[in-house]
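Chemist: give me the fold of what follows.
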Amino acid sequence: AIDTAVQELPAAAIKRARLVAISVPMHTALRLGVGLGERIRAVNPRVHLCYYGLYAWLNRDYLLRELADSVIGGEIEVPLLGLVQALERGGPVTVPGVVTREQSSAPALVRVGFPVPARDVLPPPRHYAHLIINGQVVPAGYTEATRGCHHTCAHCPVVPIYRGRFFAIPRQVVLADIRQQVGNGVRHITFGDPDFLNGPTHSLRICRALHEEFPDVTFDFTARIEHIAQHRNLMPEFRRLGCVFVVSAVELLSDRALQAIRKGHSRADVLEALRVCDDAGIALRPSLLPFTPWTTLEDYLELLEFIEEEELIEHVDPVHLSIRLLIPPGSALLEVPELRPYLGPLDEANFTYTWRHPDPRMDELQQAVAELAERATREGWDPYTTFAAIRALAWETAGKQPPSEPPRRRRKRPAPPRLTESWFC
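Modeler: The predicted model follows:
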């Protein structure tokens, strides 16, 4: 295995390969993966090129026409093994779960015997994200307790593939994966499940076992706003077991926009989840989707005000204030009537349907915030300096004089733990 995020793929390895399978779970990974595939194809025109992951499946028509020989969606282990075996036999590729130009197939949604990931073939933890907590920097690892998701938010790329299903990975497999990473120096684990609380009992048992074996190892996870509130009684125990922060897709505060994307929570629910995490002593790190066809400029200003008033400036990675709605092929958003007035044609090469905001100022603001957030990250700006600059952009876009006073510093909350790399799709 080669992790092209931190390793170079040698030309010699490409030349001798008969099959290259490229993982593209999200939009950014697909953009990078297509560039990698073009390089691989140029070096070895006869190699079988397979793409797998959520965004591979959603964009399978484009990939198969332009670059790929096969695409796999859903639970990939069995189809990928079947693909290897078919290529070894030299016959046609007719494997359930594998789509080619000649054969269609549904995503593989069959429970498999989950193997323990082979971490020893990847670079050591020092090459990856670290946790910053209490002035210390510690190596962070990654694992998953479940795949798929029980919920069906319209904008989520998990939904068109899993359609409300999720699979629990056996506890012993998850713990074995954690164990090998801790043995390699990791002292913090990110649970990368779409929603760690889809199976709260399963997740809690894993965290209890993790804490019993490695009491000094901390962890974080992702959970829905409504699940945080629903399972408020579990949050103090998660904190005692080592949870230092939770990522939650707040997305927006506009109830109209939240309803349009079928998110399943309201502004009031966000406040409730924030209080639940505060009471448990866990930092809530919101992920955001502030630019949608239904988000007004006033909504954006209100979001910034909320972040400042709730002392969340250090909890929100600046890139999240620039995120614009993506509508990939097959997205459940295409079934949402509220989208139709704004929807444009599919831009296959950019893996999304186009759309224009009814207020042109919002598209201009999104581009300006994206450029500013990128510059701030590149130059290492202080979070408050970055927030002040974004706030000024938003106020100026609204034709208002930006506030002269600097953003309010936190007083009631401790510095939130964070990873050294921003997370976004």
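
Chemist: which parts of the host helix or strand of Q259 are buried?
Modeler: Secondary structure from DSSP states H and E places Q259 in helix 255-260. For helix 255-260, a neighbour-count test (16 or more other C-beta atoms under 10 Å) marks 257-258, 260 as buried. No exception for glycine: its C-beta is placed from N, CA and C like everyone else's.

Chemist: in the sheet, who's paired with the residue nearest to I327 when sequence neighbours are not counted?
Modeler: Sequence neighbours aside, Y353 is the residue nearest to I327 in space, at 4.1 Å (criterion: C-beta to C-beta, 6 or more residues apart in numbering). Per DSSP bridges, the residues bridged to Y353 are L346.

Chemist: what residues are up against Y353?
Modeler: Contact partners of Y353, counting by C-beta atoms under 8 Å, 6 or more residues apart in numbering, are 327-329, 331, 334, 343-347.

Chemist: most neighbours of all the residues you listed, which one?
Modeler: I327 (24 neighbours; other C-beta atoms under 10 Å).

Chemist: wait, it sits on F351?
Modeler: No. Between I327 and F351 there is no contact under C-beta atoms under 8 Å: 9.7 Å.

Chemist: just the closest of the buried residues of helix 255-260 to V93, please.
Modeler: A260 (40.2 Å; C-beta to C-beta).

Chemist: please verify my assumption that the closest one contacts L289.
Modeler: No. Using C-beta under 8 Å, A260 makes no contact with L289, being 11.1 Å away.

Chemist: average pLDDT for the one helix or strand Q85 maps to?
Modeler: Using DSSP H and E, Q85 sits within helix 77-89. Helix 77-89 shows a mean pLDDT of 96.

Chemist: what's the following helix or strand after that helix?
Modeler: The first helix or strand that comes after helix 77-89 along the chain, using DSSP H and E, is strand 98-99.

Chemist: other SSEs contacting that next one?
Modeler: strand 70-72, helix 77-89 (3 or more C-beta pairs under 8 Å, 6 or more residues apart in numbering; DSSP states H and E).

Chemist: out of those, which is the most enclosed?
Modeler: Comparing these by mean neighbour count (mean count of other C-beta atoms under 10 Å), strand 70-72 ranks first with a mean of 28.

Chemist: partners of that one, with directions?
Modeler: Here, using DSSP bridges, strand 70-72 pairs with strand 48-52 (parallel), strand 98-99 (antiparallel).

Chemist: so what pLDDT did the residue nearest to G242 when sequence neighbours are not counted get?
Modeler: With C-beta to C-beta, 6+ apart as the criterion, G242 has its nearest non-adjacent residue at 4.5 Å, and that residue is T218. T218 is assigned a predicted lDDT (pLDDT) of 99.

Chemist: what number of residues are in the vicinity of N350?
Modeler: By other C-beta under 10 Å, neighbour count at N350 equals 14.

Chemist: R31 falls within a helix, correct?
Modeler: Yes. According to DSSP: H, G, I helix; E, B strand; the rest coil, the state of R31 is that of a helix.

Chemist: how many neighbouring residues does the nearest residue to it once chain neighbours are set aside have?
Modeler: Setting aside the residues directly before and after it, R31 is nearest to F351 in space (C-beta to C-beta, 6+ apart), at 7.3 Å. The number of residues packed near F351 is 21, by other C-beta under 10 Å.
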